[in-house]
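Asks: need a structure here:
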Amino acid sequence: MVEKTVVDTEFDRVVKAQKCKIEVNDLTISYAGKAALSDVSLKIYENEIFGIIGPANAGKTSFLKSLNLMNTFDANMKVEGDIRFNNRDIHQLRNVYALRSRIGVVFPLPVGLPLTIYENVALSPRLRGIKDKTSLDQIVERCLQRAALWDEVKDRLNSLGSLLSGGQQQRLTIARALSQEPEVLMLDEFSIAVDPVTTMRIEDVLKELKHEMTIILVTNLVQQAHRLADRTAFFLDGKCIEIGDTEALFNGEVKDPLTLDYIEGRFG
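Replies: Residues are numbered from 1 along each chain as shown. Modelled structure (predicted):
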């Protein structure tokens, strides 16, 4: 389902003035011939938090995978349609790794590298050719600060990241993603394995980060989308049912009654 083209609210006028970061047209994804997502068209703008909600098997994670070409890891995953990042067709880019450094991703469960806390964050800068210890120290501290983890780990940076609590490991994963200096940060159900207090801390981090980058937030917690997202898309059965201003959607200003039914917990 495409977004509406008629600009009839102040919010629409603001959105239209924003720079488009990612544009998707007629995106269809299938696994071994079975459709997971069909004919999705939407735009994601610079410096916004774009929420994606919907029940399991709605196609949300498949959508994220397509944006930084993670389908190359799965021979059964077929992606059709046009995906443009900074107005460039991602399928025309020769350096997939450069694209993935620009579009970072945080998965539902923390994926810690078997390295120290310091090296988890310093790895990507090292791979970019940064060798100076002072520069690496500054990057590590900055990324851990931005992930709201520095104060808890600054005295044990040489400890294994795998020894941290689940919530701390998730924030370490965010710090590691930030060390790539991404333009877009995608989060897929980041709070599944995180306690409520840590979840709120990460949410505060995301509110700050949106001033520096675009954030795509897939969440099964509709109230989390309400708290964080500027705009929200509702996915169901492999289709994008509706996209709108988050506050308007949660105030019942929907085009499809299924959107309101899901928001209000009548299914899902």
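Asks: every contact and neighbour count from this point should use C-alpha atoms.
Replies: OK.
Asks: where does the prediction get shaky in the stretch 51-200 of the chain?
Replies: In the predicted model, the stretch 51-200 of the chain carries pLDDT under 70 at residues 112.
Asks: now do the helices in it.
Replies: Applying DSSP state H, counting those that start in this stretch to the stretch 51-200 of the chain gives helices spanning 60-67, 96-102, 117-127, 133-146, 150-153, 166-178, 196-209.
Asks: taking the centroid of this protein, which residue is nearest it?
Replies: Met186 (1.6 Å; C-alpha atoms, centre = their mean).
Asks: and that residue, what are its bridge partners?
Replies: Val105, Ile216 (DSSP bridges).
Asks: Gly51 is in contact with Thr214, correct?
Replies: No. Look at Thr214 against Gly51 with C-alpha atoms under 8 Å: they stay out of range, at 11.1 Å.
Asks: common neighbours of the two, please.
Replies: Common contacts of Thr214 and Gly51 (C-alpha atoms under 8 Å, 6 or more residues apart in numbering): none found.
Asks: so who does the residue nearest to the centre of the chain touch?
Replies: Leu64, Ile103, Gly104, Val105, Val106, Ile215, Ile216, Leu217, Val218.
Asks: if I look at the second one, how far off is Arg88?
Replies: Read that as Ile103. 14 Å (C-alpha to C-alpha, to the nearest Å).
Asks: more crowded one of those two?
Replies: Ile103 (23 against 14; other C-alpha atoms under 10 Å).
Asks: my guess is the more buried one contacts Glu181. True?
Replies: No. Counting by C-alpha under 8 Å, Ile103 stays clear of Glu181, with 9.0 Å between them.
Asks: so Gly54 is in contact with Leu236, correct?
Replies: Yes. In terms of C-alpha under 8 Å, Gly54 counts as a neighbour of Leu236; the distance is 5.8 Å.
Asks: which one of the two has more residues nearby?
Replies: The neighbour comparison of Gly54 against Leu236 (other C-alpha under 10 Å) goes to Gly54, with 26 against 22.
Asks: measure that one to Gln168 for me?
Replies: For Gly54, the distance to Gln168 - C-alpha to C-alpha - is 27 Å.
Asks: before we move on, the earlier item: which one of the contacts of Met186 is nearest to Glu203?
Replies: Nearest to Glu203 among the contacts of Met186 is Leu217, at 10.6 Å by C-alpha to C-alpha.
Asks: check contacts around Leu260.
Replies: Per C-alpha under 8 Å, 6+ apart, neighbours of Leu260: Leu249, Phe250, Gly252, Val254.
Asks: farthest pair within these?
Replies: Longest span within the contacts of Leu260, C-alpha to C-alpha: Phe250 and Val254, 8.4 Å.
Asks: who has more neighbours, the two?
Replies: Just comparing Phe250 and Val254: by other C-alpha under 10 Å the higher neighbour count belongs to Phe250, 19 against 16.
Asks: please report how far the residue nearest to the centre of the chain lies from Thr173.
Replies: From Met186 to Thr173 the distance is 12 Å (C-alpha to C-alpha).
Asks: can you give me the neighbour number for the residue nearest to Thr61 when sequence neighbours are not counted?
Replies: Leaving aside its chain neighbours, Thr61 sits nearest to Asp188 (6.9 Å; criterion: C-alpha to C-alpha, 6 or more residues apart in numbering). Here the number of neighbours of Asp188 (other C-alpha under 10 Å) works out to 20.
Asks: same deal with Ala98?
Replies: The burial count for Ala98: 12, using other C-alpha under 10 Å.
Asks: and the one 4 residues further on, by the same measure?
Replies: By other C-alpha under 10 Å, the residues close to Arg102 number 18.
Asks: and Lys210, by the same measure?
Replies: Neighbours around Lys210, by other C-alpha under 10 Å: 18.
Asks: show the pLDDT at it.
Replies: Predicted confidence (pLDDT) for Lys210: 93.
Asks: the closest residue in space to it that isn't next to it in sequence sits in which helix or strand?
Replies: Closest residue to Lys210 apart from its sequence neighbours, by C-alpha to C-alpha, 6+ apart: Asn47 at 5.1 Å. Assigned by DSSP states H and E, Asn47 falls within no helix or strand.
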